[in-house]
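> this is a predicted model, with the sequence first.
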Amino acid sequence: MNLQIRDTPATQTSSRLAIADCDIHPAVRKASDLDPWLPARWREHLASFGGGRRLGMQSGPAYPKGQPNASRRDAYPPEGGRQGSSLAFMQAQHLDPNNVALGILNPLKSGQGLANPELSAAVCHAVNEWQVATWTSQDSRLKASIVVPYENASMAAAEIRHWAGHQDFVQVLFLSRTAEPLGNRRYWPIYEAAAEARLPVAVHAFGYGGAPITSTGWPSYYIEEMTGHAQSCQAGLSSMIVEGIFEQFPQLRVIMVEAGFAWAPALGWRLDKAWRTLRAETPHLKQLPSAYMRRHVWWTTQPMEEPEPREHLLDTIGWMGWDRLLFATDYPHWDFDDPAYALPLRITDDQRRGFFLDNARAVYGVGA
Amino acid sequence: MSRHVLAPTSDIPPGSRKLFTVKGRPIAIFNLEGDFFGMLNRCPHQGGSLCEGVVTGLVLSSNPGEYTYARKGEIIRCPWHGWEFDIRTGQSYCDPERIRTKAYPVDTASGATVIEGPYVAETVPLQVEENYIIVDV
Amino acid sequence: MNIPGAIDCDIHPSIPGLDALLPYMPDTWREIIQIRGIDGLNSISYPARSPLTARPDWSPEKGKPAATLAQIQRECLDPFGSAIAICNCLYGVQLLFSEDMAAAFARAVNGWMAAELLDRDPRLRASIVVPIQNVELAVDEIERCAQDPRFVQVLLLASGDHPLGKRMYWPIYAAAARHKLPIGIHAGSNYHNPPTAVGWPSYYTEDYVAQAQAFQSQLTSLFCEGVFNRYPDLKVVLLESGWTWLPAHLWRLTKYWRGLRMEIPWADRSPADVVRSNVRLSLQPTDAPPDAASLQRIIEHLQSDELLLFSTDYPHWQFDGMAAIPAGLSPALVRKITVDNPRATYARLMELVR
């Protein structure tokens, strides 16, 4: 079959604007790609015991995905390997035609959440080395995330300190389904290290902390799991706010990645209302929860909600603040948002520039 | 409009598909058991390249827990968000009730109202003459 | 407030104490409870003296709030002038793990409500508390209480052992549908699972806020499992759930439904359509934006004036004074919320009391 790179439609001028893509998922071509940075002891461990996670399957997700690798079927590189594993193909299919001026790498199969804490730390470190060697050193548009073994805070903090100051790393990455809510003090040393390194903390949907994806047990279907990331991310964010990490670390920035964003205003209103009534419980909080949200939290845009009428989204973004959103495609995943079509709304040039690029540059401190 | 001869029918065996560009428009041609159907290769949702999706049957159900499988090989799923489109008609199955309540024209030559909107993949009428596939674009 | 015919769809009488239930239990259970030193089923969903559990002016010096008919009449029914109020008793029957003990408690709670409240004030109605730990026993209790027309709803909690859409629970929905009883899902958890989707929170504030997410998960489950395909006439009411989160949740669920329809092929109507026909939400708490114009916008996002059901959530502290209805709503909408929508939802409300 002819593989054709889609022509940029001439009428969609927005897709010619330089954009930031704040959620790209690079993949290894094969597991051994990490070998240069993974000690033999762990290579052997993985070969025999595997990478045990807090779920029952030796490999693959708890809920079967809708498509193989949860990725676009048209994103297999021509030279072989899974979607997202070829820089050249990523450039040809996505970075170049979509004019990605800033691409943030969020590796997902990264060692995060592995049950064995030392294994988790070792694989995370190898993935960080791999990001530099394979991706960011080869294409200056790409920036990396420090993936950390977040269930072991001291090891995670050490990994952050190792990379702090390296110009290719622009954030610290968590997955959202942590063993305990993200605001829990067990994670504070990680926030401390991130704040010290002046790096934002990104929380990307997924992971397997062991708890069901709902507060009421395990649902039956993949669609429920996908929808459910909004609930688990709301819980994680609530925890961060209510436990007071933004009082403890006043410079900390948090980016919610691939969680959706339209839930944010109502969550802020609910947190505020509850806090007004219950504030005796949280004397450490000096501001409204929504104020912390407004100051410290950003959201990537994918998967962009699609209300009908679409204009309702303007209300939502207005409530959140046009400076809060960071465009993302989630390339190469199946629920990809195409920059040419993702925001079919009448907005100002300033809003468009901020949404597609400038907000990201500001948050990541990556210059124009 | 002009006629374009795309390919001999033997280029697209039954069960397969092929992508052509005609006057800058990408057109996917499918062969369903010897019948040819054309579709603009752009998902009406966000423009995904339909031709690169997987072809499936249609799973229907009138009762939770029951699954009826039909139309094997006649549905294309957009490789991005997985929306299902009937290769023969372009109808999408992502919002079944909306589709049920709309009437689709059978005779495209009669000038009957074409249903516009985001849930129909644009079909491209074809002719087959002397074992060649022809479109008017 | 005084809107003639207003129906308060969510008030919370308290069981004064374990002793109050003993007369409604058979000998076996009465003795077991006494000799085993059981404390009483007081859920952490509403810590006894937390500010939210009882508004200061509804909080007695001693004893529980809303624990006597006199309190309920004086503080809630009379001042708000409700024609009818629906009692949702949150005594923690669902917390138990023993199925039979739960059934005994559920029966006792329902018996107590009938005798102490429903018999003594014709404005009161109640939801049937069920031992969801065992679906057959839950159905038995529904069948028993459904004979009494003053029971108008089946009460479940927002967080339990499994998402409520799962087929194991469908006999409950079948029984409810048979008797024209809506399913009332009320904020709270049985705490058999962590109360958030990411584990156990440190603060009650987090727990309470997380209730909204529990409802979102339950709505997803009911939709995806096809409960309303099987029981098209069943109504589900989300109680003390908040409702300003609903539009965003429906946008997300709809988007995934479009691409993943094949996984749940019976789901042939959009989530918004299903909610419009089968789901309602009580008014309090209204987690409102800071300004009236934004509240109007979020109401517009609902795209239906039939979804909200008036409630005070008495004695929980959700508003001050008489401000049970947010400012700025049109009189027509207020009428729908206070009278029309509840009447349309609770088919049994107008039946004569025996």
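Arrived safely, thanks for sending.

> any idea how far the nearest residue to residue C:141 once chain neighbours are set aside is from residue C:37?
With Cβ to Cβ, 6 or more residues apart in numbering or on different chains as the measure, residue C:130 is the residue that lies nearest to residue C:141, at 5.0 Å, once sequence neighbours are left out. C-beta: built from backbone N, CA, C; applies to glycine. Taking Cβ to Cβ, to the nearest Å as the criterion, residue C:130 is separated from residue C:37 by 26 Å.

> and the two? which has more neighbours close in?
residue C:130 (29 against 6; other Cβ atoms under 10 Å in any protein chain shown).

> can you pull the contacts of that one?
By Cβ atoms under 8 Å, 6 or more residues apart in numbering or on different chains, the contact list for residue C:130 reads C:106, C:137-138, C:141-142, C:154-156, C:172.

> dump those residues to a markdown table, plus neighbour count, secondary structure and pLDDT.
Below are those laid out as a markdown table (neighbours: other Cβ atoms under 10 Å in any protein chain shown; DSSP: H, G, I helix; E, B strand; the rest coil; pLDDT from 0 to 100):
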| residue | neighbour count | secondary structure | pLDDT |
| --- | --- | --- | --- |
| C:106 | 28 | helix | 98 |
| C:137 | 19 | helix | 98 |
| C:138 | 25 | helix | 98 |
| C:141 | 25 | helix | 98 |
| C:142 | 21 | helix | 98 |
| C:154 | 27 | strand | 98 |
| C:155 | 29 | strand | 98 |
| C:156 | 26 | strand | 98 |
| C:172 | 22 | helix | 98 |
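
> could you export those as TSV, including distance to residue C:60?
Below are these laid out as TSV (distance: Cβ to Cβ, whole Å):
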residue	distance to residue C:60
C:106	26
C:137	34
C:138	33
C:141	30
C:142	33
C:154	30
C:155	24
C:156	29
C:172	35
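
> so which of those comes closest to chain A?
Here the nearest of the contacts of residue C:130 to chain A, counting by Cβ to the nearest Cβ, is residue C:156; it sits at 10.2 Å.

> so the helix ranked longest in chain A, near chain B or not?
With DSSP state H setting the assignment, residue counts place helix A:222-243 as the longest helix in chain A. No - using Cβ under 8 Å from any Cβ of the partner chain, no contact is recorded between helix A:222-243 and chain B, whose separation bottoms out at 10.6 Å.

> so what does that helix touch, helix or strand wise?
The contact analysis (3 or more Cβ pairs under 8 Å, 6 or more residues apart in numbering or on different chains; DSSP states H and E) places helix A:222-243 against strand A:201-204, strand A:254-257, helix A:264-278, helix A:289-296, helix C:204-225, helix C:246-260.

> please identify which of the contacts of residue C:130 is nearest to residue A:117.
Taking Cβ to Cβ as the measure, residue C:156 is the one of those closest to residue A:117, at 39.5 Å.

> helix, strand or coil: sort out the closest residue to residue A:323 other than its chain neighbours for me.
Counting by Cβ to Cβ, 6+ apart, the nearest residue to residue A:323 once its immediate chain neighbours are dropped is residue A:359, at 5.6 Å. Of the three states, residue A:359 takes helix under DSSP: H, G, I helix; E, B strand; the rest coil.

> state the distance from residue A:359 to residue A:328.
Using Cβ to Cβ, one obtains 11 Å as the distance from residue A:359 to residue A:328.

> show me which of those two is the more surrounded one.
residue A:328 (29 against 23).

> with residue A:320 as the reference, measure out to that one.
The spacing between residue A:328 and residue A:320, counted by Cβ to Cβ, is 15 Å.

> then residue B:60?
As for residue B:60, its distance to residue A:320 is 39 Å (criterion: Cβ to Cβ).

> would you put the C-alpha positions of the lowest-mean-pLDDT helix or strand in chain A in CSV?
Sorting the helices and strands of chain A by mean pLDDT, DSSP states H and E puts helix A:349-353 at the bottom, at a mean of 93. Taking only C-alpha atoms (Å, rounded to 0.1, in the frame of the first residue of the first chain), the coordinates of helix A:349-353 have been written out as CSV:
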residue,chain,number,x,y,z
ASP,A,349,-4.2,35.5,17.6
ASP,A,350,-2.8,35.8,21.1
GLN,A,351,-4.9,33.0,22.4
ARG,A,352,-3.9,30.8,19.4
ARG,A,353,-0.2,31.6,19.8
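
> what about chain B, any weak spots by pLDDT?
B:96-118 (pLDDT under 70).

> the helices in it, which residues?
For chain B, the helices defined by DSSP H occupy B:96-101.

> near chain C, which residues of it show up?
Counting by Cβ under 8 Å from any Cβ, the positions of chain B adjacent to chain C are B:45, B:56, B:59-67, B:81-84, B:93-97.

> keep only the residues you listed that also lie close to chain A.
Checking the residues of chain B next to chain C against chain A (Cβ under 8 Å from any Cβ), the matches are B:81-82.

> which ones among the residues of chain B next to chain C map onto strands?
Using DSSP state E, B:56, B:59-60, B:84 are the members of the residues of chain B next to chain C that sit in strands.

> can you get me a residue count around the residue lying closest to residue B:79 once chain neighbours are set aside?
Distance criterion Cβ to Cβ, 6+ apart; nearest residue to residue B:79, sequence neighbours excluded, is residue A:73 at 3.7 Å. Residues near residue A:73, counting by other Cβ under 10 Å, number 21.

> hmm, residue A:73 is touching residue A:67, no?
Yes - when contacts are counted by Cβ atoms under 8 Å, residue A:73 is listed as touching residue A:67 (6.3 Å).

> overlap in contacts, those two.
A:334, B:54, B:79.

> what about the second one, neighbour count?
Meaning residue B:54. Counted with other Cβ under 10 Å, the burial measure for residue B:54 works out to 13 neighbours.

> and the closest residue to it other than its chain neighbours, bridged to which residues?
In space, and not counting its chain neighbours, residue B:54 is closest to residue B:77: 5.3 Å by Cβ to Cβ, 6+ apart. Beta-bridge pairing of residue B:77 under DSSP bridges involves residue B:54, residue B:84.

> burial of residue B:77, as a residue count?
Using other Cβ under 10 Å, residue B:77 is surrounded by 25 other residues.

> cool, and residue C:282?
Count around residue C:282 with other Cβ under 10 Å applied: 29.
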